[in-house]
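**Student:** After the sequence you'll find the predicted model.
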Amino acid sequence: MIWLKKEMLKNGSDGKNVKVPKGLWVKCEQCGGIIFKKEVENNLDVCPKCGFHFRIRAASRLAIILDEGTFKEFDADVEPVDFLEFKDLKRYKDRLKASQKETGLKDAIITGEGLINGIRACIGAFEFSFMGGSMGSVVGEKITRMIETARENVCGAVIFSASGGARMQESIISLMQMAKTSAALARLRSAGLPYVSVLTDPTMGGVTASIAMLGDVIMAEPKALIGFAGPRVISETIRQKLPDGFQRAEYLLEHGMLDMIVERKQMKDTISKLLSMLGPSTKAGNISRAR
């Protein structure tokens, strides 16, 4: 704010009628602080005042975790089909087009392969901005293919979950992805290869009930909302007031549902150490073909 006042004085303004460009400042949802946006971005989208972790895009997530220039994406052109011709308030086709235009993605996850501090891994990151990160047929297929590629190439798998759950517009087909991805993870485990599951805000519904909670190591970012049904639905169903912090990462860690809570700036080093300890020797080497 001192910087802003100096700029106003430099331009001969008393600050009363100055128009501040949009997007220069962000408000922290936790402490309410008004922070220079560039300062937040330089801090990996974490509030420098209170440590609140802002939601970030899947591409930004991968850029933080993977060694520069090592990522090779899988199945980038696979896109969903409106086989039910589903319509609620909007047509499913229209929802897909809007999300694809907003995010630049075909569906709600990016999968691929790269190096994490020199450790080779297959990785997936949900894009919550794409229909709430919901898991439909394409998301389930891309996750399954990514896990199978990890098994074929003898390396670990990492998934960053950020989802509202199964995609209702695809009905039973979306629910089938829970079993499909879980079966792929079972085959990965049978091969003795590690799977690290990272839960970010929010991780809910069918994603929580499948891939998110099946990790050899399950970690979460601070204050992440994690659960199956939402807290309001649970409270109204059981007609009881829920405990403070219910369904937040800290509550789940205290009750044995998580292995650890890791801050974003420590995530890369933590994951690479886990893959190194739990998996085969996968340092360097050639990155396999991208699908």
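**Tutor:** Here it is on my side, so go on. Residues are numbered from 1 along each chain as shown.

**Student:** how many neighbours does residue 183 have?
**Tutor:** 12 (other CB atoms under 10 Å). C-betas here are computed from N, CA, C, even on glycine.

**Student:** just checking, it is part of a helix?
**Tutor:** Yes. Assessed by DSSP: H, G, I helix; E, B strand; the rest coil, residue 183 belongs to a helix.

**Student:** begin at 115 from here
**Tutor:** All set: I'll call the first residue 115, so the last point we hit is now residue 297.

**Student:** measure it to residue 288 for me?
**Tutor:** As defined by CB to CB, to the nearest Å, residue 297 lies at a distance of 16 Å from residue 288.

**Student:** what about residue 347, distance to residue 318?
**Tutor:** Counting by CB to CB, the separation of residue 347 from residue 318 is 10 Å.

**Student:** more crowded one of these two?
**Tutor:** A count of neighbours by other CB under 10 Å puts residue 318 above the other of residue 347 and residue 318, at 25 against 11.

**Student:** next one: phi and psi at that one?
**Tutor:** phi -140, psi 170 (degrees, to the nearest 10).

**Student:** quick one: contacts for it?
**Tutor:** Neighbouring residues of residue 318 by CB atoms under 8 Å, 6 or more residues apart in numbering: 277-279, 339-344.

**Student:** farthest pair in those residues?
**Tutor:** Farthest apart among these by CB to CB are 277 and 343. That separation is 13.8 Å.

**Student:** more neighbours, those two?
**Tutor:** The residue with more neighbours, out of residue 277 and residue 343, is residue 277; 29 against 15, by other CB under 10 Å.

**Student:** can you give me the strands in the protein?
**Tutor:** 139-141, 148-150, 186-188, 223-230, 233-240, 270-277, 309-317, 331-334, 374-375 (DSSP state E).
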